[in-house]
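Enquirer: A structural model of the following input is requested.
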Amino acid sequence: MRKINKVLFVLPNALWSGTRKFNIHPYSLCLLGAILKDKYNVMVLDADFEGLSLEETTEQILKYSPDVVGISGMSLEYAESCHKLASILKQKLPEIITVLGGPYPTLLPEFAIMDKNIDFLILSEGEMRFPKILNALENETDLKDIEGIAYKKDGEPIIQMHTGFIDDLDSVPFPAYNLVDFTKYTNRYNKYSPYNNPRYLPYAVTITSRGCPFNCVFCCCRYIQGKKCRMRSAENVLKEIDWLVKTYGIREIIFLDDNLLLDRKRINEILYGLIERDYDLHWKATNVPTFALDDELLELMKKSGCYQITLPIESGNAYVLKNIMHKPLDLKKALTVINKAKELGFEIACLFVIGLPGEKWDQILETVDFAEKINVDWVVFSIATPFPKTELYNIAKEQGYLDSNFSFSDFKWFGFGHGCITTEEFTPDELSMLRIIEWDRINFKTNEKRKKIALMNSVTMEELQDWRVSTRRIGGGSVKYNK
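Expert: Below is the predicted model:
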């Protein structure tokens, strides 16, 4: 038998590869810690939040001397940092076991497992798979019966695709925040990120559902978390909120769900539960399905402490929404929701995606016009990015729309600011130019809007101006396209 005593989970610093910092609670890593802490000595190291260099991170890991290191691959943007960390760990501790999990290896297992410094991948949910890997290593049993993992055998990659998901999310324990200095997270603003930036400190984040039954052309959520929306019970969600308020004095909750409102009975129970508790607790949701909202629900949300909603409207053209994006949203309904939300005093952010195959330039301009017409507090335009396993990638590849240098192994393509799709209607540079100009023009056209956005981002007016200037100057043309 092989004895495993110490397990360390680490979130690499995104700055090691020149990408934006993640800067939020290590929610997923603390969930895994809660699963393992009764059997193993567990440590969580957040190099991203702490601003640690690669050398400083390695030094702390070596000091702890773990048997297994679990590296969090949050998205393709952060993949390079994950591989840099695995490389230096194997140089310093050749016998250490490295496990890479998260959306990145789930979407690109065939690439991630080729790294000689990565021993295992966890595909999709780690709570059910990480313990199985550790158990197999300790007891020297065969790995072939564990779905949702990848590894090497005799130097050859073995990928056992994920087939199952956790049906009973109430069975997952609350995050083990005692594994980190949680007050550092709860009492810090996330500047320049209005969705993840709290207004009231101390704050916490939570996820109350997983999976998505919809089929938006650009989204990979269904592949990572499943086509069925699985939900924690209202009782379980309220129990976690009770725990956060009573243990950590939390004053704001940020819900990170993709489909928080999908079950009307459940969300009503949660909202009425918040009202009954009268904690003076504030909350917001980073991704609210617009089609699920109506006057009654908005009023209940407001009464329960919600102050900001983010609406992924995606397009201002009905044809694009239905026939290209496959998104179940009616623009008239969106306008009704926005007007009611304004009436109730919500802060409103709206998200849009431009540059899909089949989309006309004039339809993109309609989206820009719609974003301006709705006159909300904050709008963002993302350029369509073809992630692995998505319908968008298949269409772009089959129709020859991808840049000739495009590769999932080149992480520069992932970040939503620069496109890699060229059609008869647009080029990546045109999209990038439009995106930056309209983002700046619509969001900052009046001093009143600038003050509101500064508040939403926890920045001064001077910082806001610097942000605008730097965004305009780095926003386009830094990636070369060869079609």
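Enquirer: ok, residues contacting stretch 4-12?
Expert: 22, 26, 29, 32-33, 36, 40-49, 57, 61, 64-72, 74, 78, 81-82, 84-85, 134, 137-138 (Cβ atoms under 8 Å, 6 or more residues apart in numbering). For every residue, glycine as well, the C-beta is placed using N, CA and C.
Enquirer: Repeat the analysis, applying 7 Å as the threshold.
Expert: Here stretch 4-12 makes contact (Cβ atoms under 7 Å, 6 or more residues apart in numbering) with 22, 26, 29, 32-33, 36, 40-48, 57, 61, 64-72, 78, 81-82, 85, 134, 137-138.
Enquirer: Show me which of the residues you listed are buried.
Expert: 22, 26, 29, 32-33, 36, 40, 42-48, 57, 61, 66-72, 78, 81-82, 85, 134, 137 (16 or more other Cβ atoms under 10 Å).
Enquirer: Tell me which of these fall in strands.
Expert: 42-46, 68-72 (DSSP state E).
Enquirer: Select, from those, the two members most distant in space.
Expert: Farthest pair in these (Cβ to Cβ) is 46 and 68. Separation: 17.5 Å.
Enquirer: what pLDDT does residue 407 get?
Expert: pLDDT for residue 407: 84.
Enquirer: Grab the nearest non-local neighbour of it.
Expert: The shortest distance from residue 407 to any non-neighbouring residue, by Cβ to Cβ, 6 or more residues apart in numbering, is to residue 413 (7.8 Å).
Enquirer: pretty sure that neighbour contacts residue 402?
Expert: No: using Cβ atoms under 7 Å, residue 413 is not in contact with residue 402, being 9.3 Å away.
Enquirer: need the ones in strands among the buried ones among the contacts of stretch 4-12 in TSV with pLDDT and distance to residue 210, can you?
Expert: Formatted as TSV, those follow (pLDDT from 0 to 100; distance: Cβ to Cβ, whole Å):
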residue	pLDDT	distance to residue 210
42	98	23
43	98	26
44	98	21
45	98	25
46	96	22
68	98	25
69	98	25
70	98	19
71	98	21
72	96	17
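Enquirer: Give me the more crowded residue out of residue 413 and residue 402.
Expert: residue 413 (22 against 19; other Cβ atoms under 10 Å).
Enquirer: hang on, the earlier thing: which neighbours do residue 413 and residue 402 share?
Expert: With Cβ under 7 Å, 6+ apart as the test, residue 413 and residue 402 both reach residue 420.
Enquirer: shaky segments in the stretch 201-350 of the chain?
Expert: Scanning the stretch 201-350 of the chain for pLDDT under 70 picks out no residues.
Enquirer: need the strands for it, in chain order.
Expert: 203-206, 209-210, 230-231, 252-255, 282-285, 306-314, 347-354 (DSSP state E, counting those that start in this stretch).
Enquirer: just so I know, which of those strands lies nearest residue 123?
Expert: Closest among the strands of the stretch 201-350 of the chain, using Cβ to Cβ: strand 209-210, at 14.4 Å.
Enquirer: tell me which strands and helices the closest one is in contact with?
Expert: Judged by 3 or more Cβ pairs under 7 Å, 6 or more residues apart in numbering; DSSP states H and E, strand 209-210 is in contact with strand 230-231.
Enquirer: For the strand it packs on, which strands pair with it and how are they oriented?
Expert: Note on strand 230-231: by DSSP bridges, its sheet partners are strand 209-210 (antiparallel).
Enquirer: Pull the residues that contact the partner strand.
Expert: Contacts for strand 209-210 (Cβ under 7 Å, 6+ apart): 169, 225, 229-232, 257, 259-260.
Enquirer: same question, stretch 412-426
Expert: Residues contacting stretch 412-426 (Cβ under 7 Å, 6+ apart): 19, 75-77, 355, 357, 359-361, 382-386, 396, 401-403, 406, 428, 431-432, 475, 479, 481, 483.
Enquirer: hmm, which of the residues you listed are the buried ones?
Expert: So, by 16+ other Cβ under 10 Å, the buried ones in the contacts of stretch 412-426 are 19, 75-77, 355, 357, 359-361, 382-386, 396, 401-403, 406, 428, 431-432, 475, 479, 481.
Enquirer: The residues you listed in helices, which ones?
Expert: 361, 396, 428, 431-432 (DSSP state H).
Enquirer: will you turn those into JSON lines that also has pLDDT?
Expert: Formatted as JSON lines, these follow (pLDDT from 0 to 100):
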{"residue": "361", "pLDDT": "98"}
{"residue": "396", "pLDDT": "95"}
{"residue": "428", "pLDDT": "92"}
{"residue": "431", "pLDDT": "95"}
{"residue": "432", "pLDDT": "93"}
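Enquirer: Need those in JSON lines (columns: distance to residue 330).
Expert: Formatted as JSON lines, these follow (distance: Cβ to Cβ, whole Å):
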{"residue": "361", "distance to residue 330": "24"}
{"residue": "396", "distance to residue 330": "27"}
{"residue": "428", "distance to residue 330": "30"}
{"residue": "431", "distance to residue 330": "26"}
{"residue": "432", "distance to residue 330": "30"}
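Enquirer: quick check, nearest of these to residue 314?
Expert: Out of those, the member with the shortest distance to residue 314 (by Cβ to Cβ) is residue 431, at 14.8 Å.
Enquirer: Assess the claim that the closest one and residue 383 are in contact.
Expert: Yes: counting by Cβ under 7 Å, residue 431 touches residue 383, with 5.0 Å between them.
Enquirer: Can you work out which residues contact both of those two?
Expert: Contacts common to residue 431 and residue 383, judged by Cβ under 7 Å, 6+ apart, are 354-355, 419.
Enquirer: List just the nearest of the residues you listed to residue 13.
Expert: residue 419 (26.6 Å).
Enquirer: what number of residues lie near the closest one?
Expert: Neighbours of residue 419 using other Cβ under 10 Å come to 26.
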